[in-house]
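>>> Below are the sequence and a predicted model for it; my questions follow.
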Amino acid sequence: MTGAQILIEALIKENVEVMFGYPGGVVLPIFDRLYDAPIKFILTRHEQAAAHAADAYARVTGKVGVCLATSGPGATNLVTGIATAYMDSVPMVAITGQVKTTLIGNDAFQEADVTGITRPITKHNYLVRNVKELACIVKEAFYIASTGRPGPVVIDLPVDVQTSECDFDYPQTCHMRSYNPTYEGHPGQIKKAAKLISQARRPIIYAGGGVIISGASQELKDLAEKINAPVTMTLLGLGGFDGTHRLSLGMLGMHGTAYANYAIMESDLIIAVGARFDDRVTGRLDAFAPHAKIIHIDIDPVSISKNVHVHVPIVGDAKNILRELNKIAKPCDSEAWIKQVFAWREKHPLTYYKNDDKLRPQFVIEKIYEVTRGEAIITTEVGQNQMWASQWYKYSKPRTFISSGGLGTMGYGFPAAIGAQLGMPGKLVFDIAGDGSIQMNIQELATAVNNRLPVKVAILNNGFLGMVRQWQELFYNKRYSKTKLVNPDFVKLAEAYGAVGMRITKKEEVVPALEKAIAIDGTVFMDFIVEPEENVFPMVPAGEAINRMIGGMA
Amino acid sequence: MKHTISVLAENKFGVLARIAGLFSARGYNIASLAVSETLDQAISSMTIVVDAQDEKILEQIKKQLNKLIDVITVTDFTKKEHVDRELILVKINYSSKEKAKLENVLEKYAAKIIQHKGDTAIIEAVGEQAQVKQLLEILSQFGIKELVRTGRVAIATH
């Protein structure tokens, strides 16, 4: 078989059903094999979108997302998408074409040092120099991408390797002496954790994306209910614990709920599960949770004690560890604490001004929640739209909130909606977008329409790069430097691509418009003309302790 | 404070770049680096001397190294009995007048002249960092023309 054939056969063996990408000169042999391969290939209109779509496909299905691009500019266009997946621990295999092995290093046409460029933003990468290595490399790439703390793996494949021949022998298993992720938590550490829990009076569970990746939602719920501890989630943790559960405090951090931030700051025990104490969560580090002991469950040893000192580290898979912990954990005396936390929640809920006719973005998201009965998959762009989507939609199931957390990539949401829809064809998928972000990958209207994908894009159109404008308002004396946008007509634009466009300017139009959009079996762009200077509150200013919020606890 | 770390890694294309890249991307300092094959040609050995302000950073460096897919083991010699050596080659001014004095010094440091031509001699010396430093101070009296040195290599006692 040729290298190109081997690649396709290996992808089939890895159960790849859908992949995303864009053709080019040095990947012609691969595209020739794809022509009649039993893999659905989605042609995006930009390689960045292929990477984001593969990433979201992986996030909604739990499978490895696959994208393919040509050498040089094709590969560099993938870079933002690869970095996005890396920051959010998404299993992805990105395949890039490369110039002939004899030309590598010669500044050949469309050559870029892809393994060099992607080294710091991948879990691992490969330059295939001999066709005999190819099958094994593909096996390893999928294994590495999907095990331990997942992440993207790049396979850089020179065109002459694609056309060279060798026998195809796909390895059944993969053993690497230098890579052995730990899955089982240390029993002694789990015992120590159970002891700390039994002594706690003000416990809180802080759940991150690791809960969703490991499929530990049920175990997490069991723990929370058993020990009677409130649960707060990171942006990527949303849906890992039911947002409508009585113990849910929603998201914490810079734009978290006041009660979640207050609770973690006043807690005497933090049980961190699959979260990494990111700066958007902790705020000012030396002021973070001063009374708390910390139990940290994470599969990546690097995450432990990186930012905060951890008292009981437990390295391993969250699901396994929580299951073991649940066997021995005893309820703690947290009744008074729970009362206090619920009182904070009662007194300082998320809020926005409702007593006028103005159409506010929070209202739009609340209505999307109501109309979809909380059952849609929500993707987001980055900025105010993302924060409102995290605050005003309640996620009750894992893998339903798809957002670029770590890297904060504008332009993520729309291609992510495409990837999510392909991963979950029966689900309703909404991209909650801003008028700035949506224009970073708006060309994907063609991909969505051509593939008859019924994704709905709700543009919260405030005519600004809203989050930056908000910072300029609060910290730069309202000097709105380069944040006012002059936008195209999104309705006409959608129509030009063959999608349906709608414009909504009044509160009372929102629900009927949403119902109409959902009934349409096709791509819909909804242009919600919202209050231009609405802010996301609460907000912790950069460098402040997270209980010092603007618009939080008055 | 300086720490000596030994890394065994798959002897694969780009492995040195991965390790060097990790240090530069995360802002850690490499004081010296010595790379070689081991008895097993598939494994490469690296002795890295790192400058870490505190225990926490040292821990992170070790964990980050371990996280690299190609890294097989990471050994920290900070609290482990070991011997370590550095090698220097020094080109100094040489005159027969000072020969006796020089040989006296070299003998004390188990160093030797490996070549001399005209008014130049090349000295080879091996030792712990402190010894090498002392020797260099003494040799500077003769006039050092050029100096090259390897990174530190280390091996555990047990």
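Great, that's in hand. Keep in mind the model is a prediction, meaning the values are calculated, not measured.

>>> What strands line up against the strand ranked longest in chain B, and which way round?
Longest among the strand segments of chain B by residue count, using DSSP state E, is strand B:82-93. Strand B:82-93 pairs in its sheet with strand B:120-127 (antiparallel), strand B:144-149 (antiparallel), strand B:153-156 (antiparallel), by DSSP bridges.

>>> Excluding its own residues, what touches the shortest one? List them.
By Cβ atoms under 8 Å, 6 or more residues apart in numbering or on different chains, the surrounding residues in contact with strand B:153-156 are B:4, B:6, B:34, B:36, B:47, B:75, B:77, B:80-86. Where C-beta positions appear, they are placed from N, C-alpha and C, glycine not excepted.

>>> And those, which of them are buried?
Buried by 16 or more other Cβ atoms under 10 Å in any protein chain shown: B:4, B:6, B:34, B:47, B:75, B:77, B:84, B:85, B:86, out of the contacts of strand B:153-156.

>>> Please, which helix or strand holds the second one?
Assessed by DSSP states H and E, residue B:6 sits inside strand B:2-10.

>>> Which strands and helices lie in contact with that strand?
With contacts taken as 3 or more Cβ pairs under 8 Å, 6 or more residues apart in numbering or on different chains; DSSP states H and E, strand B:2-10 sits against helix B:15-25, strand B:43-51, helix B:55-67, strand B:71-76, strand B:153-156.

>>> Take the ones you listed and lay them out in JSON lines including mean pLDDT.
Formatted as JSON lines, the helices and strands packed on strand B:2-10 follow (pLDDT from 0 to 100):
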{"stretch": "helix B:15-25", "mean pLDDT": "94"}
{"stretch": "strand B:43-51", "mean pLDDT": "95"}
{"stretch": "helix B:55-67", "mean pLDDT": "94"}
{"stretch": "strand B:71-76", "mean pLDDT": "96"}
{"stretch": "strand B:153-156", "mean pLDDT": "94"}
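
>>> Would you mind listing what in chain B touches chain A?
B:9-10, B:13-14, B:17-18, B:21, B:25, B:56, B:59-60, B:63-64, B:66-67, B:69-72 (Cβ under 8 Å from any Cβ of the partner chain).

>>> Give me the number of neighbouring residues for the closest residue to residue A:460 other than its chain neighbours.
Counting by Cβ to Cβ, 6 or more residues apart in numbering or on different chains, residue A:460 lies nearest to residue A:361, which is 4.2 Å off, once chain neighbours are set aside. For residue A:361, the neighbour count with other Cβ atoms under 10 Å in any protein chain shown is 26.

>>> tell me the contacts of residue A:361?
Counting by Cβ under 8 Å, 6+ apart, residue A:361 has contacts A:384, A:385, A:388, A:460, A:462, A:528, A:530, A:531, A:534.

>>> before we move on, what about residue A:485?
Here residue A:485 is in contact with A:435, A:436, A:463, A:464, A:465 (Cβ under 8 Å, 6+ apart).

>>> go again using 10 Å as the cut-off
By Cβ atoms under 10 Å, 6 or more residues apart in numbering or on different chains, the contact set of residue A:485 is A:434, A:435, A:436, A:439, A:461, A:462, A:463, A:464, A:465, A:466, A:469.
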